[in-house]
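*Asks:* I would like to see how this sequence folds:
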Amino acid sequence: MSASVGVLALQGDYEAHAKALARCGASPLEIRRVAQLDGLAGLVIPGGESTTLLNLMRDEPWFEALRAFDARGGSVFGTCAGAILVSREVRHPAQDSLALLDATIERNAYGRQVDSFETELAVAGLAAPLGVAFIRAPRFVALGPGVEVLATHADAPVLVREGRVVAATFHPEITGADGLHAWWLRTLS
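*Replies:* Okay, the predicted model is just below:
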């Protein structure tokens, strides 16, 4: 694996993402400081709790650094809370975001923790269905014209891409199905 990748390791399920990337042949770095973004080709922003992540990001200029990372050609893969952070607009309630993806997203749209579920999704570009988990998942409620839908669940987009930004409203790292991580790594080369 030639491209250097990292997983934002401030909060959330960053360790499971790192393990999935490693199983796919990468040597992911756990990113805890803004300076560690230098030299990365791609960054996973994992699921967790988006408001907690925003609070942790106040310690350093993360918003400026992540926007600069995107502007210089870095690829971002946001899952669940990560999808919330990369979206242009966040609802229920409104909160700050990076606005790297032309999408409006609603937090906790599938319900509470007890409403969490696992399912399989057909994903554009993957030969086999992907096992995923929806945990207090957000929902895309509007997508800009340049946003490509790669997977849906119950007729709603759950995996989208705009340029080098990929966002999933689910957790692909929990089920042990590494197809999406492998696909994302291939997009970096």
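*Asks:* show me where pLDDT drops low in the chain?
*Replies:* Low-confidence segments of the chain, defined by pLDDT under 70: 1-2.
*Asks:* where along it do the strands fall?
*Replies:* 5-8, 29-31, 42-45, 75-79, 87-91, 101-106, 117-121, 130-134, 139-143, 148-153, 156-162, 165-168 (DSSP state E).
*Asks:* tabulate those strands (JSON lines), appending distance to residue 179.
*Replies:* All C-beta atoms are positioned from the backbone trio N, CA, C, and that covers glycine. Shown next, in JSON lines, are the strands of the chain (distance: least, CB to CB, whole Å):
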{"stretch": "strand 5-8", "distance to residue 179": "16"}
{"stretch": "strand 29-31", "distance to residue 179": "22"}
{"stretch": "strand 42-45", "distance to residue 179": "15"}
{"stretch": "strand 75-79", "distance to residue 179": "13"}
{"stretch": "strand 87-91", "distance to residue 179": "23"}
{"stretch": "strand 101-106", "distance to residue 179": "21"}
{"stretch": "strand 117-121", "distance to residue 179": "10"}
{"stretch": "strand 130-134", "distance to residue 179": "5"}
{"stretch": "strand 139-143", "distance to residue 179": "21"}
{"stretch": "strand 148-153", "distance to residue 179": "11"}
{"stretch": "strand 156-162", "distance to residue 179": "12"}
{"stretch": "strand 165-168", "distance to residue 179": "12"}
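*Asks:* looking at those strands, which is nearest to residue 175?
*Replies:* Among those, the nearest to residue 175 by CB to CB is strand 130-134 (3.9 Å).
*Asks:* just the CA coordinates of the closest one, formatted as CSV?
*Replies:* These are the backbone C-alpha positions of strand 130-134, laid out as CSV (Å, rounded to 0.1, in the frame of the first residue of the first chain):
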residue,chain,number,x,y,z
LEU,A,130,-21.7,-5.3,2.4
GLY,A,131,-22.6,-6.1,6.0
VAL,A,132,-23.1,-2.8,8.0
ALA,A,133,-24.5,-1.5,11.2
PHE,A,134,-26.8,1.5,11.7
